[in-house]
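> Any chance you could fold what I've pasted below:
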Amino acid sequence: MSEPKLSVVTVSWMTGERLMDSVKSVLATLAVDEFVFVSHENPRATVVELRDLAAENPRFKLIETGANLGFAKGCNRGAEAAEGELLLFLNPDAVLVPTAADQLKQSATRLNGQDWIIGGRILNDDGSEQRGARRGELTLRSAAISFLGLERLMPWVGSIHWEDEEVPEDLVEVPTVSGAALMIRRDVFMRHGGFDERYFLHVEDIDLCRSMREAGGSVYFEPRANILHYGGTSETSPLFVETHKAAGLVKYFWKFYPGVMQRFGTALMAIPVFLAIWARVGWHMLKNRIMGLFRREEAREPGKSRAAPSRKSESAAQQDV
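The predicted structure follows:
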């Protein structure tokens, strides 16, 4: 049996400094048969560099949309243009560890004949597992527990986040994986209608995982497929990103919890969700500004230095619920 071809699909809009690290890591990975890059209104200099790479690399397919169509729609556009049997959706600020694509292909071969999603192990730059790489079912209850931080105060209620649990040795079934590095067979993705384009940014991955399971498929976490995800590198406003995340959560609950009382609960939850996310963004922006003031003050004093905040702390405000 021949090895399936793998197409990596990346959607980028104002990604920032880590974009080319991600692009070059994909192009350097021989197990990637095709790289479909969907560019939403990136800066002129970035577009020129991407065009040059496309001209030099037959595996690199560049799609320029001319507008920010949103992540879900961009992924669907990329999937339509892809030719591989396997699709790996990869964030534009995520770097493929050299063995990750090979491992994902091997896992896909093992699951031949099933409908599945496989998520990689998403890492911070300090090597720790990132929040959201594997998690439980997103429900009204689990969302409330997460937003209120009740799992820290009352550990027995359980957490939707599993990054602190023991890392399994092999492929393991989970409810939800991260769209930062999510693989699916192309025919299955197209049959499911792709990502729901009602989500502009965030939550479309959670939706796809749930839809897959409800249709009789499975979602797996592959602990041996490591992907370095910087996060927090976007040149757009964190408030823009987080507002779309809050809107995505409301759409998700409205879609999957259609009962009258359930929708009443979603409506009641909407305002606190927006307020909580905005408050979190505001806190991180204020903290970064204060730390910046301290660094500038210390720069005036010889012999003193202060370590820059880690990517883990910088991206905390932009990680999934």
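> for this structure, what spans make up the strands?
Along the chain, counting by DSSP state E, strands occupy 6-12, 34-39, 60-64, 86-90, 94-96, 116-123, 134-135, 172-173, 176-177, 181-185, 218-229.
> mind checking which of those is nearest residue 255?
Comparison of the strands of the chain against residue 255 by C-beta to C-beta identifies strand 176-177 as nearest, at 15.2 Å. Bear in mind the C-beta positions are built from the backbone N, C-alpha and C, glycine included.
> Just put the strands of the chain in TSV and tack on distance to residue 154 and mean neighbour count.
Listed next are these as TSV, based on distance: least, C-beta to C-beta, whole Å; neighbours: other C-beta atoms under 10 Å:
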stretch	distance to residue 154	mean neighbour count
strand 6-12	38	26
strand 34-39	43	24
strand 60-64	47	18
strand 86-90	35	28
strand 94-96	33	24
strand 116-123	27	26
strand 134-135	18	26
strand 172-173	26	11
strand 176-177	22	26
strand 181-185	31	25
strand 218-229	26	22
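> Dump those strands into TSV; add distance to residue 205 and mean pLDDT as well.
As requested, the strands of the chain are exported to TSV (distance: least, C-beta to C-beta, whole Å; pLDDT from 0 to 100):
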stretch	distance to residue 205	mean pLDDT
strand 6-12	12	97
strand 34-39	16	97
strand 60-64	20	97
strand 86-90	8	98
strand 94-96	13	94
strand 116-123	9	97
strand 134-135	11	94
strand 172-173	17	97
strand 176-177	7	97
strand 181-185	6	98
strand 218-229	10	96
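> got CSV for the ones you listed, with distance to residue 289 too?
Supplementary listing: the strands of the chain in CSV, determined by distance: least, C-beta to C-beta, whole Å:
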stretch, distance to residue 289
strand 6-12, 27
strand 34-39, 31
strand 60-64, 35
strand 86-90, 32
strand 94-96, 27
strand 116-123, 28
strand 134-135, 31
strand 172-173, 41
strand 176-177, 34
strand 181-185, 32
strand 218-229, 25
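> Any idea which of those strands gets closest to residue 200?
Proximity to residue 200 (C-beta to C-beta) singles out strand 6-12 among the strands of the chain, at 11.7 Å.
> on that earlier part again, out of the strands of the chain, nearest to residue 243?
Distances from residue 243 to each of the strands of the chain were compared using C-beta to C-beta; the shortest belongs to strand 6-12, at 18.7 Å.
> Can you give the strand pairings for the closest one, parallel or anti for each?
For strand 6-12, the paired strands and their directions (DSSP bridges) are strand 34-39 (parallel), strand 86-90 (parallel).
> That strand versus strand 181-185: what angle between them?
Angle of strand 6-12 versus strand 181-185, following axes from the mean of the first three to the mean of the last three C-alpha atoms, to 10 degrees, is 130 degrees.
> relative to strand 60-64, how tilted is strand 6-12?
Interaxial angle, strand 6-12 versus strand 60-64 (the same axes, to 10 degrees): 30 degrees.
> Residue 93: neighbouring residues, count only.
Other residues within reach of residue 93 by the criterion other C-beta atoms under 10 Å amount to 25.
> So which of the strands of the chain is nearest residue 206?
The closest approach between residue 206 and any of those, judged by C-beta to C-beta, belongs to strand 176-177 at 5.6 Å.
> Against which helices or strands is the lengthiest helix in the chain packed?
Of all the segments assigned as helix in the chain under DSSP state H, the longest by residue count is helix 260-299. Contacting helix 260-299 under the criterion 3 or more C-beta pairs under 8 Å, 6 or more residues apart in numbering; DSSP states H and E are the following elements: helix 140-148, helix 238-256.
> Can you point out the buried residues in the shortest one?
Meaning helix 140-148. The neighbour-count check on helix 140-148 (16 or more other C-beta atoms under 10 Å) flags 142-143, 145-147 as buried.
> same check, this time on the last one
Of the residues in helix 238-256, those buried by neighbour count under the rule 16+ other C-beta under 10 Å are 238, 241-253, 255-256.
> in terms of contact, does residue 93 touch residue 230 like I think?
Yes - counting by C-beta atoms under 8 Å, residue 93 sits close enough to residue 230 to count as a contact (4.7 Å).
> Need the overlap of contacts for these two.
residue 18 (C-beta atoms under 8 Å, 6 or more residues apart in numbering).
> roughly how far apart are the closest residue to residue 250 other than its chain neighbours and residue 155?
When the adjacent residues along the chain are set aside, residue 250 lies closest to residue 270, with 5.0 Å between them (C-beta to C-beta, 6 or more residues apart in numbering). With distances taken as C-beta to C-beta, to the nearest Å, residue 270 is found 28 Å from residue 155.
> out of the two, which sits in the more crowded spot?
Set residue 270 next to residue 155 and count neighbours by other C-beta under 10 Å: residue 270 wins out with 16 against 9.
> For residue 204, see how far away the more buried one is.
Using C-beta to C-beta, residue 270 is found at 18 Å from residue 204.
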